[in-house]
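Asker: no sequence on this one, just coordinates:
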DNA sequence: CATAACATGTAATGAGTTACATGATTAA
DNA sequence: TTAATCATGTAACTCATTACATGTTATG
């Protein structure tokens, strides 16, 4: 249940409306925790009901921007949560299941799909590197920037992982059905 | 929606009961697609209703093993699904959100948690390497074994990724609040 | 035969996704 | 002033998790 805390983190940086939060999620925190606008609106309503944030226009505003701001209780809750323990998110990817299936039911058209995925990951890797070059032209000195850089680097590392892995997968899939011993 | 196909894949290898499938999920496919026994039982019931698998004891057997076997329609469906496209599973980890939060609300006790996670990932890495040494003492010649090895290697790569990343994270967290320029 | 371990199953809950609805603002 | 876009919101659905229930087999 990280979404509320991801929102709180964004709101600590600066007050925001729901749509602005959705847009920011597409850029920074969202690289590692995605959310649709429906999720965001629902969660904002819950956070407000819980007294962790407040919004400016009191009345029900359908269609007009509603600016949310974090409350002291929200900061406190965020601080509490950060130090909490969690379990590693297990790797869960359909492609792995497909590879296992391909192993037992023989050649299918999986290599085409892998090439497609490879292109996607290369694209994302390039995007992250571009962002890195723009936002962190030199090693950041202060702690906050260093941590933000670190999270971006995790994304880079992750995409590189996929590109390398998929190349290996292709090498095996293109191998003749029975390799010489 | 990979679970039904993960189950089909296991059932292609050999017929199984629900509990046996749950046990096997803990070992091979489950490294990359987890499922509780409740999910597995429910999905098996659905697959049987859909005519993709069949089970031996017809009557409702509560407490007794029920052996499932894949049907031709199941193989066909699996083959169809393998070549299908999917989107990369986005990285989604609470720790990333915690790092971002720690960046904005200052030092918390996050480093302790990171050390704990590091130990967990190192443990898992060691386990995978052990399995690799046992099951793949030398590069597998045939396609099926090569693919299974590949999936295991993905797990190894993934854990290594985490260990390295967490080490970097610690280095930053232990830095003094204001580093010299 | 009593107890533990195993095997299957039901029910409730919650996060996430998808489709759709509606009011406000902006641009042609 | 109509159309397009933006902003907020509702509703239904699926997957996954958690807690619990019930029967069967193995063990002492």
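Answerer: Yes, it's here. The structure presented is a predicted model; accordingly, all values stated were derived computationally and were not measured.

Asker: dump the residue contacts of residue A:159.
Answerer: By Cβ atoms under 8 Å, 6 or more residues apart in numbering or on different chains, the residues touching residue A:159 are A:121, A:122, A:124, A:125, A:128. No exception for glycine: its C-beta is placed from N, CA and C like everyone else's.

Asker: Ok, residue A:135 next?
Answerer: By Cβ under 8 Å, 6+ apart, the contact set of residue A:135 is A:148, A:149, A:152.

Asker: separation between the residue in chain A that DNA strand C sits nearest to and DNA strand D?
Answerer: With Cβ to the nearest atom of the strand as the measure, residue A:63 is the residue of chain A nearest to DNA strand C, at 2.6 Å. For residue A:63, the distance to DNA strand D (Cβ to the nearest atom of the strand, to the nearest Å) stands at 4 Å.

Asker: Tell me the secondary structure at that residue.
Answerer: Of the three states, residue A:63 takes coil under DSSP: H, G, I helix; E, B strand; the rest coil.

Asker: That one: how many residues sit nearby?
Answerer: Look at residue A:63: counted by other Cβ atoms under 10 Å in any protein chain shown, it has 4 neighbours.

Asker: what's the nearest residue to residue A:48 if we skip its chain neighbours?
Answerer: Distance criterion Cβ to Cβ, 6 or more residues apart in numbering or on different chains; nearest residue to residue A:48, sequence neighbours excluded, is residue A:55 at 5.9 Å.

Asker: what bridges to the one you found?
Answerer: residue A:68 (DSSP bridges).

Asker: tell me which residues in the lengthiest helix in chain A are buried?
Answerer: For chain A, the helix that runs over the most residues, judged by DSSP state H, is helix A:143-173. Within helix A:143-173, the residues that count as buried by 16 or more other Cβ atoms under 10 Å in any protein chain shown are A:143-144, A:146-163, A:165-166, A:169, A:172-173.

Asker: ok now do the one residue sitting closest to the centre of chain A, which residues does it touch?
Answerer: The centroid of chain A falls nearest to residue A:32 when counting by Cα atoms, centre = their mean (2.0 Å). Counting by Cβ under 8 Å, 6+ apart, residue A:32 touches A:151, A:154, A:155, B:90, B:91, B:92, B:93, B:96, B:97.

Asker: try 10 Å this time
Answerer: Listed by Cβ atoms under 10 Å, 6 or more residues apart in numbering or on different chains, the contact set of residue A:32 reads A:2, A:6, A:89, A:151-152, A:154-155, A:158, B:90-97, B:99-100.

Asker: ok, now residue A:8?
Answerer: Contacts of residue A:8 were listed using Cβ under 10 Å, 6+ apart, and they are A:43, A:47, A:52-53, A:70-71, A:74-75, A:77-79, A:81, B:97, B:101, B:104-105.

Asker: What residues does chain A have near DNA strand D?
Answerer: Applying Cβ under 7 Å from any atom of the strand, we find that chain A lies next to DNA strand D at A:17-20, A:23, A:37-38, A:41-42, A:44-45, A:60-66.

Asker: Contact residues of chain A facing DNA strand C?
Answerer: Residues of chain A lying near DNA strand C (Cβ under 7 Å from any atom of the strand): A:1, A:2, A:3, A:34, A:35, A:36, A:38, A:39, A:61, A:62, A:63, A:64.

Asker: What are the boundaries of the strands in chain A?
Answerer: In chain A, the strands defined using DSSP state E lie at A:16-17, A:53-55, A:67-70.

Asker: okay if I get those strands as TSV plus mean neighbour count and mean pLDDT?
Answerer: What follows is the strands of chain A, written out as TSV (neighbours: other Cβ atoms under 10 Å in any protein chain shown; pLDDT from 0 to 100):
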stretch	mean neighbour count	mean pLDDT
strand A:16-17	19	93
strand A:53-55	19	94
strand A:67-70	18	95
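
Asker: got the ones you listed as JSON lines, with distance to residue A:132 columns?
Answerer: Listed next are the strands of chain A as JSON lines, based on distance: least, Cβ to Cβ, whole Å:
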{"stretch": "strand A:16-17", "distance to residue A:132": "24"}
{"stretch": "strand A:53-55", "distance to residue A:132": "31"}
{"stretch": "strand A:67-70", "distance to residue A:132": "28"}
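
Asker: Ok, which of the ones you listed comes nearest residue A:10?
Answerer: Shortest distance between residue A:10 and the strands of chain A, using Cβ to Cβ, is found for strand A:16-17: 6.2 Å.

Asker: Sheet partners, orientation included, of that closest one?
Answerer: strand A:67-70 (antiparallel).

Asker: ok so, going back, tell me which of the contacts of residue A:32 fall in helices.
Answerer: A:6, A:151, A:152, A:154, A:155, A:158, B:94, B:95, B:96, B:97, B:99, B:100.

Asker: Tell me the one of these nearest residue A:12?
Answerer: Nearest to residue A:12 among these, with distances taken as Cβ to Cβ, is residue B:100, at 9.9 Å.

Asker: Contact partners for the closest one?
Answerer: A:5-6, A:9-10, A:12-13, A:28-29, A:31-33, A:82, A:144, A:147-148, A:150-151.

Asker: OK, contacts around residue A:16?
Answerer: Taking Cβ under 10 Å, 6+ apart, we find residue A:16 in contact with A:7, A:10, A:22-24, A:44, A:53, A:65-70.
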